[in-house]
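Enquirer: I'll drop the sequence and a predicted model, then ask my questions.
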Amino acid sequence: MRKICLSLIVLLTCSQPFAQRTLEKAWESDSVTLKGPESATYDPKSNSIYVSSMNAGSIVRMDVNGRIIKSDWVTGLTSNKGLGFYNGLLYTAETAAVAVIDIDKATIIKRIPIEGAGMLNDLEVDAKGIVYVSDTRTSKVHRIENDKASVYLENIAGANGLMAVGDDLYVVGSASFQKVNANKEITKIGEGYENGLDGIVMLSKNEFILSNYRGMLYYVNADGNKQVLLDTRASRIMANDISYNSKTKTLYVPSFSSNRIIAYTVK
């Protein structure tokens, strides 16, 4: 009888779902300053958050408690979305070009055009300074090196969220999540999500959170298992291009529809 009980305990232990995560709301910004916030990117160097206020064509800078530092930090952008930092520069994806901003001067210093772009969306800069930018409408990911753009990946339906880790590039499509290595070999991590995947962050080596702009946040393991952390679709609160502060375990979620940033502590 004892052997049977032990076997049952082992079976139940092995069949338990993967480690669970929860979110605890920390704060939300005002809904007056931001105009269609599409991307909120945490900068550890300045310990502040840069927000693409897409409908205003500007970037807003706020502190880690959601208070506005400068509402018009940079203006004159066009449909600006994803953001990425490298060596004193901030890159942001416009409709058909990547704008390059000198952070110290808060000035646009140049634009890098992307030939044939339909709607550039998320943007990531790797440790070598190579810029990757997704084009949702053409299902492509472009690569920029030394200010020269080329097509890096194709046929990724609804290409959107990007994250570079070492030589790997994690790519989120409208309903898929995959890893691409330096040889462009693709490993599927997950698929079958509801259409609308947007952003991606890494919690640890094998843990991720994905956002769906319709208003959902998923916790995902490297083996593809997923858990819905949050669903705000009924309230019409969107979840766009997210960012994560690993020191404080804070997730920053821009809501395009409600003109605010909502911060959650990841438990």
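Expert: Okay, I see it. Numbering: from 1, shown residues only.

Enquirer: can you give me the pLDDT of the residue nearest to Val131 when sequence neighbours are not counted?
Expert: Nearest residue to Val131, sequence neighbours excluded (Cβ to Cβ, 6 or more residues apart in numbering): Ile144, at 3.9 Å. Where C-beta positions appear, they are placed from N, C-alpha and C, glycine not excepted. In the predicted model, Ile144 carries a pLDDT score of 98.

Enquirer: check Thr13 too.
Expert: In this model, Thr13 is scored at 35, pLDDT.

Enquirer: centroid residue for the protein?
Expert: Gly199 (3.1 Å; Cα atoms, centre = their mean).

Enquirer: remind me which helix or strand the residue nearest to Val131 belongs to.
Expert: Per DSSP states H and E, Ile144 falls inside strand 140-145.

Enquirer: likewise for Tyr170?
Expert: Going by DSSP H and E, Tyr170 is part of strand 168-172.

Enquirer: between that strand and strand 140-145, how big is the angle?
Expert: Orientation check (axes from the mean of the first three to the mean of the last three Cα atoms, to 10 degrees): strand 168-172 against strand 140-145 gives 150 degrees.

Enquirer: does Lys267 touch Ala26 like I think?
Expert: No. If you go by Cβ atoms under 8 Å, Lys267 and Ala26 don't touch, sitting 11.2 Å apart.

Enquirer: the two - which one has more neighbours?
Expert: Ala26 (17 against 9; other Cβ atoms under 10 Å).

Enquirer: list the contacts for that one?
Expert: Counting by Cβ atoms under 8 Å, 6 or more residues apart in numbering, Ala26 makes contact with 250, 263-265.

Enquirer: apply 10 Å and report the result again.
Expert: For Ala26, the contacting residues are 64-66, 248-252, 262-265, by Cβ atoms under 10 Å, 6 or more residues apart in numbering.
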